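Enquirer: Sequence plus the predicted model coming up.
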Amino acid sequence: MDTAQAAGIAKWVTEAGLTGLTELELLRGFCDRLVAAGLPVARVNIVIDTLHPIHEGRVFRWRRDDQGDHDPVVEYGRTNVEGQAADNWRRSTYYHLLLSGEDFLRRRIGPGHLEDFSVLSDLRNEGQTDYLVLIHRFAAEGAIGEMDSFYSSWTTDADSGFTDEHISLVRELSSPLMLALKCASLARIAKTLVETYLGRDAGRLVLNGRIARGVTDRIQAVLWFSDLHGFTHITETADPEQIIPFLNDYSEAIISSIYEAGGDVLKLIGDGALAIFKEEDPSQACRSALKAERLMHSRIRALNEERLSCNLPVTSAYLGLHIGEVFYGNIGSQDRLDFTVVGPAVNEVSRIGALCRSVERDVLVSSAFFSTAAKDDQDCLVSVGRYALRGVARPQELFTLDPSRVGEEDFEREQNGETKSHC
C-alpha cells in the first residue's frame, strides 16, 4: 500500500463518518479497502461500550471470506458483575491492555510462539498467523458513560504474518476509523437514550429537532392510564430489595404490550403508565389499545404464576381508556422540558383509571372511546352506568369488558389466527 492509497482510505472513512454510516457499514467499507490496497487482513473485531439499559456494549465483526456463518454484531452483558460476560472479559487481551496501560499488543501465532491468551489457540486452529490488538482511549471529557475507549483486534492468515509496515498502517489508519465509529456510536446512543426515557415516537420527534419549549401539536389520540393494584400495601409489607424487581417485572409486561400493539409510553409515574395510540382511523387506535389490554392481561397472568412459584408478591393492573384531543409536545421550563401530552382528556383518563377500584372493574373505558370504537369492538364492552369524575363537569357513562365475551381461550385462539374476534 502506497502513501496515496493510505490517504485515500483515511479520506473515505472520514467522509463516510460524516454522512452517517453505521458502525458495521464503516467497518466493512474500511476493511474492504485495506484488502484491495494489499494489506492481508483476514478478520477484524471492534469492541465498543455503549449506554444501553441491558447491554454494556457491542462487538462488530468483519471477515474477509465472509460465508455468513458468523454474527456481524454481538451484544454483550455487564462485565462489572459476576457471570460469563465478566469472566470472558477478564481473560481477554483487551482487559490486559486496559490494566497494563499499553495501547498495543502483538502475538505471532503458530508452532513455537507464545500462547498466553486463550484466543490465540482458537486463532491458530482457524489458520491465522498474526494477531494485533489496539486500544484507543478517550480523554475524560470525551467519555460517554462507560464508553471511555475502543478496542480492536486484527489478524492475518498470510504465511509470514504482518510486516512492520502493515502494523504501522493499521495503527495509523485505525485512528480515523475509530473517530468515525465514535460518531456513529454517539448517534446510536442518543437514539437509545431518548427512546428509552421519552418513548419511541417522542424520541424520534426530539431527534428530528422538536426541542423548542412550547412547540406542540394538537392531536386526536387514545389515552391509556394504567396502575397496579395494592402497590402501596406491597411496598409496606414486602422486603425493600423486592420492590424494584417487582416494578420492573410488571412494567415489562405492561410496556411491552403497549409497544407490541402500536402504542407509545410517554410517562412512568411510580407504578402508573401513561400511553397514547395514534392512528389515522380513530377506531383503529381504539382497537390497538384493546389489543394491548389483552396482551397485558395475558402477560401479567403468566408473570403471576411465575412469581407465585417463587413465593414473591403479585398484583394485577387496572386500566382507564379514553379518546380525545390533546396537546403533544415540549412543555416545561427553560432548563427542564418534558415531551408529553396535556389537556382535559389526560385528566379524564387518569380519573377513569382511578375509578376502577371503587367500581371494582379492572378496565373502564369512556363513552367517547365506546362511541369511536368499531362495532365488533363495541360488542365486547358493556355499560357499568354513569359516574361523576372528579374535576369533570358532567357525569358520563363508562364501559368495561363484557365478562361473557372475554376469555383466555378466546385470546389464545385469536393469537393463533383461529378467530377474528376482537374481544
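Expert: Arrived safely, thanks for sending.
Enquirer: Tell me which residues touch residue 101, please.
Expert: Counting by C-beta atoms under 8 Å, 6 or more residues apart in numbering, residue 101 makes contact with nothing. C-beta coordinates here come from the backbone N, C-alpha and C atoms, glycine included.
Enquirer: I'd like the numbering to begin with 57 instead of 1 from here.
Expert: Right, with 57 as the first residue, what we last looked at is residue 157.
Enquirer: and the helix or strand encompassing residue 243, which residues are buried?
Expert: Element membership of residue 243 [criterion: DSSP states H and E] is helix 220-254. For helix 220-254, the neighbour count (16 or more other C-beta atoms under 10 Å) marks 222-223, 225-226, 229-230, 232-234, 236-241, 244-245, 248-251, 254 as buried.
Enquirer: go on, stretch 326-343?
Expert: For stretch 326-343, a neighbour-count test (16+ other C-beta under 10 Å) marks 327-335, 338-343 as buried.
Enquirer: What about the residues you listed, which are in strands?
Expert: Those of those mapping onto strands are 328-333, per DSSP state E.
Enquirer: pLDDT for these - can I get that in TSV?
Expert: Formatted as TSV, those follow (pLDDT from 0 to 100):
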residue	pLDDT
328	93
329	94
330	95
331	95
332	95
333	96
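Enquirer: Residue 181: neighbour count?
Expert: Residue 181 has 9 neighbouring residues, counting by other C-beta atoms under 10 Å.
Enquirer: Report the separation between it and residue 175.
Expert: Look at residue 181 and residue 175: by C-beta to C-beta, to the nearest Å, they are 11 Å apart.
Enquirer: thought residue 154 was touching residue 192?
Expert: No - the criterion here is C-beta atoms under 8 Å, and residue 154 misses it with residue 192 at 11.9 Å.
Enquirer: follow-up on the earlier one: which SSE is immediately downstream of the helix holding residue 243?
Expert: Trace forward from helix 220-254 with DSSP H and E and the next one is helix 256-263.
Enquirer: buried sites along that following helix?
Expert: 257-259, 261-263.
Enquirer: what's the closest of these to residue 351?
Expert: Lowest distance from residue 351 to the buried residues of helix 256-263 (C-beta to C-beta) belongs to residue 257, with 18.8 Å.
Enquirer: So for the closest one, what pLDDT did the model give?
Expert: pLDDT, residue 257: 80.
Enquirer: which residue sits closest to it, ignoring its sequence neighbours?
Expert: The shortest distance from residue 257 to any non-neighbouring residue, by C-beta to C-beta, 6 or more residues apart in numbering, is to residue 320 (4.4 Å).
Enquirer: Enumerate every residue touching the one you found.
Expert: So residue 320 contacts 255-258, 314, 331-334 (C-beta under 8 Å, 6+ apart).
Enquirer: again, but for residue 420
Expert: Counted by C-beta under 8 Å, 6+ apart, residue 420 has contacts 374-377, 408-409, 411-412, 440, 454-456.
Enquirer: Which pLDDT value goes with it?
Expert: pLDDT, read off for residue 420, is 96.
Enquirer: in which helix or strand would I find it?
Expert: strand 419-421.
Enquirer: how about the strands in the chain?
Expert: All strands of the chain, identified by DSSP E, fall at 99-105, 113-119, 129-132, 160-164, 186-193, 205-212, 272-284, 320-325, 328-333, 373-388, 393-398, 419-421, 437-443, 452-457.
Enquirer: which one of these is the most hemmed in?
Expert: Among the strands of the chain, strand 419-421 has the highest mean neighbour count (mean count of other C-beta atoms under 10 Å), at a mean of 26.
Enquirer: any idea how far it is from the chain center?
Expert: 30 Å (C-alpha atoms, centre = their mean, to the nearest Å).
Enquirer: Next: stretch 299-316.
Expert: That offset, for stretch 299-316, works out to 14 Å (C-alpha atoms, centre = their mean).
Enquirer: cool, stretch 154-167 as well?
Expert: For stretch 154-167, the distance to the chain centre is 34 Å (C-alpha atoms, centre = their mean).
Enquirer: Figure out the length between the terminal residues of that stretch.
Expert: Across stretch 154-167, the terminal residues are separated by 28 Å (C-alpha to C-alpha, to the nearest Å).
Enquirer: Repeat that for stretch 93-105.
Expert: 30 Å.
Enquirer: can you check stretch 156-168 too?
Expert: In stretch 156-168, first residue to last residue: 25 Å (C-alpha to C-alpha).
Enquirer: try stretch 411-427
Expert: 20 Å.
Enquirer: Next, the buried residues of that stretch.
Expert: Across stretch 411-427, burial judged by 16+ other C-beta under 10 Å covers 411-412, 417-422, 424-426.
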